[in-house]
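Q: sharing a sequence plus its predicted fold:
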Amino acid sequence: MRLDILLARAATRLADAGSPSARLDAEVLLCHVLGVDRAWLYTWGDREADSFDQARFEALIAARAAGHPVAYLTGEREFWGLPLLTGPSTLIPRPDTETLVAAALSRMSGRAGRLLDLGTGTGAVALALASECPDWHALGIDLNPDAVTLAKRNAERLGIANVGFRVGDWFAALDETGFDVIVANPPYLSDDDPHLALGDVRFEPRSALVARERGLADLHHLVDASRDRLASEGWLLLEHGAEQGAAVREALQASGYRDVTSERDLAGHERVSLGRWTGERR
């Protein structure tokens, strides 16, 4: 079958299954099977697919029609311009989290320092920041050993040497203090959040999504515990849900952080809240 016809049929199947990005999904999956980019597809769509490639592609389309995330089917997702390996042990890196990277970079530029990324997953945030700030050393921590293995593979694959990864439950396996910047994208959904039943989230690890106290428990813990790990004048930056900005700012201010503010994502939602630790407890 010609590639353009195969692609059109796949896109129709995904649209009928409810995919909001059916054509793009089909193109990404076909590119993955063929080992080409999308420009190649547009140029050579009149070529015939061989039977092996067609069978692989149709199997991937069936999995996508059942809801499986494209990033898990291809094993890769781009984040901050970096091609990252992905897998079901981690959250899929999303554009919203680039808000966290941008906010951290504005507090890191022009100097050297030490960065801690808690709940690192694929290593996306730590790797993005380490790649932009070669004079900094980044450390990523995750409770899931499979996630840490994946993050290490990403660092090696990308040739980013100023970053390390370690298994641990937040700060439990960490003796170091004096970090200049701590970032985290912790679980922040409540256990009855309707998003848990939608889209790719259905297939992602629940432990990386859901927190007690209506999604605020881990955010509150990090606000409190980070004070003992930050250097004087160090920054804590936390990604959170679109409706949680006010609660996180209140927690930061109550714990003695200064210059507390929130940053908005591309959709205009408060996505990251941050504060500077001066060493003065309240």
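A: Here it is on my side, so go on. Numbering: from 1, shown residues only.

Q: all helices of the protein, in order?
A: Remark: helices assigned in the chain by DSSP state H are 3-16, 22-34, 38-43, 51-65, 70-74, 98-108, 124-132, 145-158, 217-225, 245-254.

Q: the fifth one: which residues count as buried?
A: It stands for helix 70-74. Neighbour counts using 16 or more other CB atoms under 10 Å place 70-74 of helix 70-74 among the buried residues. All C-beta spots, glycine's among them, are computed from the backbone N, C-alpha and C.

Q: now swap in the second one and tell me
A: By neighbour count, with 16+ other CB under 10 Å as the criterion, the buried positions of helix 22-34 are 22, 25-34.

Q: rebuild those as a markdown table, extending it with pLDDT.
A: Output for the buried residues of helix 22-34, formatted as a markdown table (pLDDT from 0 to 100):
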| residue | pLDDT |
| --- | --- |
| A22 | 94 |
| D25 | 95 |
| A26 | 95 |
| E27 | 95 |
| V28 | 95 |
| L29 | 95 |
| L30 | 94 |
| C31 | 95 |
| H32 | 95 |
| V33 | 94 |
| L34 | 93 |
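
Q: just these now: which is nearest L129?
A: Within the buried residues of helix 22-34, proximity to L129 (CB to CB) peaks at V28, which comes in at 26.3 Å.

Q: what about the nearest residue to the closest one once chain neighbours are set aside, distance to P88?
A: Nearest residue to V28 in three dimensions, chain neighbours excluded: V70, at 5.6 Å (CB to CB, 6 or more residues apart in numbering). Using CB to CB, to the nearest Å, V70 is found at 13 Å from P88.

Q: which of the helices of the chain sits closest to A173?
A: Proximity to A173, assessed across the helices of the chain by CB to CB, is greatest for helix 145-158 (10.8 Å).

Q: ok, how many other residues are close to E280?
A: 10 (other CB atoms under 10 Å).

Q: how close does it get to T261?
A: 18 Å.

Q: tell me how far stretch 14-26 lies from the chain's centre.
A: Relative to its chain's centre, stretch 14-26 lies at 22 Å (CA atoms, centre = their mean, to the nearest Å).

Q: endpoint to endpoint, that stretch covers what distance?
A: By CA to CA, to the nearest Å, the extent of stretch 14-26 from end to end equals 8 Å.

Q: contact partners of it?
A: For stretch 14-26, the surrounding residues in contact (CB atoms under 8 Å, 6 or more residues apart in numbering) are 7, 10-13, 61, 64-67, 70, 199.

Q: got a list of what E263 touches?
A: Here E263 is in contact with 99, 102-103, 270-274 (CB under 8 Å, 6+ apart).

Q: tell me the spacing between the nearest residue to L143 once chain neighbours are set aside and W44.
A: Distances taken as CB to CB, 6+ apart place D169 nearest to L143, at 5.1 Å, with adjacent residues excluded. Separation of D169 from W44 (CB to CB) stands at 50 Å.

Q: what ranges of the protein fall below the confidence cut-off?
A: Applying pLDDT under 70 to the chain picks out residues 281-282.

Q: tell me, what residue is most central in it?
A: P93 (2.9 Å; CA atoms, centre = their mean).

Q: pairing partners for the spatially closest residue to A71 that is not a sequence neighbour in the sheet, please.
A: Nearest residue to A71, sequence neighbours excluded (CB to CB, 6+ apart): R77, at 4.1 Å. In this entry, R77 is beta-bridged to L84, by DSSP bridges.

Q: cool, and I141?
A: Beta-bridge pairing for I141 (DSSP bridges): L118, R166.

Q: now do the contacts for it.
A: 116-120, 165-168, 170-171, 173-174.

Q: what number of residues are in the vicinity of the nearest residue to F203 once chain neighbours are set aside?
A: Excluding the flanking residues, the one nearest F203 by CB to CB, 6+ apart is P69, at 5.6 Å. When neighbours are counted by other CB under 10 Å, P69 registers 20.

Q: could you report the separation of A15 from L41?
A: Applying CB to CB, the value for A15 to L41 is 18 Å.

Q: err, L84, not the other one
A: L84 sits at a distance of 23 Å from L41 (criterion: CB to CB).

Q: domain ranges for the chain?
A: In terms of domains, the chain is parsed into 3-67, 90-277 (source: automatic domain parsing).

Q: point out the most buried one among those.
A: domain 90-277 (a mean of 19; mean count of other CB atoms under 10 Å).

Q: start to end distance for it?
A: Counting by CA to CA, you get 30 Å between the two ends of domain 90-277.
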